[in-house]
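S.K.: Here's my sequence, what's the structure:
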Amino acid sequence: MKGMSDFSIQDEAFFKMTWADNPKIHVLATAPMPNTQGAGDHVGEVVPQIWTYEHTLFGGQPSRAFVWMQGHTYANFSRPDVQSMILRGIAWTAKAPIDTLVNGKAPQRGGGRGRRGGGGL
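M.R.: Residues are numbered from 1 along each chain as shown. Just a heads-up that it's a prediction; the model follows:
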């Protein structure tokens, strides 16, 4: 990700996951599994912790996802590098201008299709 470098945080890492081949994930960051009671034979295994993927929904609608597996340690959310990463992931997923979200400037609205149908967020 733009502006990111290696970093360490205190949080829980995940390793017992089945990685999808369709859609194939695009790994952005990994973590080695620490020597904990739950790690078992996976100690030292390097596994994805941050990734993106794109696929097509039923009916041909394109879809994107940004995944960050951490978040158990609330203090990590106060880190500027983590905040920037999450905002960039949200902007990428929404196909929104990334730098406007990261720099605290709201993108201009208008000219879009508006809301269709009911419900949703």
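
S.K.: Just give me the neighbour total for the closest residue to Asn76 other than its chain neighbours.
M.R.: In space, and not counting its chain neighbours, Asn76 is closest to Ile9: 5.0 Å by CB to CB, 6 or more residues apart in numbering. For every residue, glycine as well, the C-beta is placed using N, CA and C. Counted with other CB atoms under 10 Å, the neighbours of Ile9 add up to 14.

S.K.: how about His55, secondary structure?
M.R.: Using DSSP: H, G, I helix; E, B strand; the rest coil, the structure places His55 in strand.

S.K.: Now it: closest residue in space, sequence neighbours ignored.
M.R.: Using CB to CB, 6+ apart, the nearest residue to His55 is Pro23, at 3.7 Å.

S.K.: My read is that the one you found contacts Leu57, right?
M.R.: No - judged on CB atoms under 8 Å, Pro23 makes no contact with Leu57 at a distance of 10.9 Å.

S.K.: So for these two, which sits in the more crowded spot?
M.R.: A count of neighbours by other CB under 10 Å puts Pro23 above the other of Pro23 and Leu57, at 14 against 8.

S.K.: Roughly how far does the residue nearest to Asn76 sit from Arg79?
M.R.: 7 Å (CB to CB, to the nearest Å).

S.K.: repeat for Thr93
M.R.: From Thr93 to Arg79 the distance is 20 Å (CB to CB).

S.K.: Please say which of the two ends up with more neighbours.
M.R.: Higher neighbour count among Thr93 and Arg79: Thr93, with 15 against 12, using other CB under 10 Å.

S.K.: Show me what counts as buried in the helix or strand where that one lies.
M.R.: Under the criterion of DSSP states H and E, Thr93 resides in helix 80-94. Within helix 80-94, the residues that count as buried by 16 or more other CB atoms under 10 Å are Val82, Ser84, Met85, Ile86, Leu87, Arg88, Gly89, Ala91, Trp92.

S.K.: What sits closest to the fourth one if chain neighbours are left out?
M.R.: Taking CB to CB, 6+ apart as the measure, Ile86 lies nearest to Trp68, with 6.5 Å between them; neighbours along the chain are not counted.
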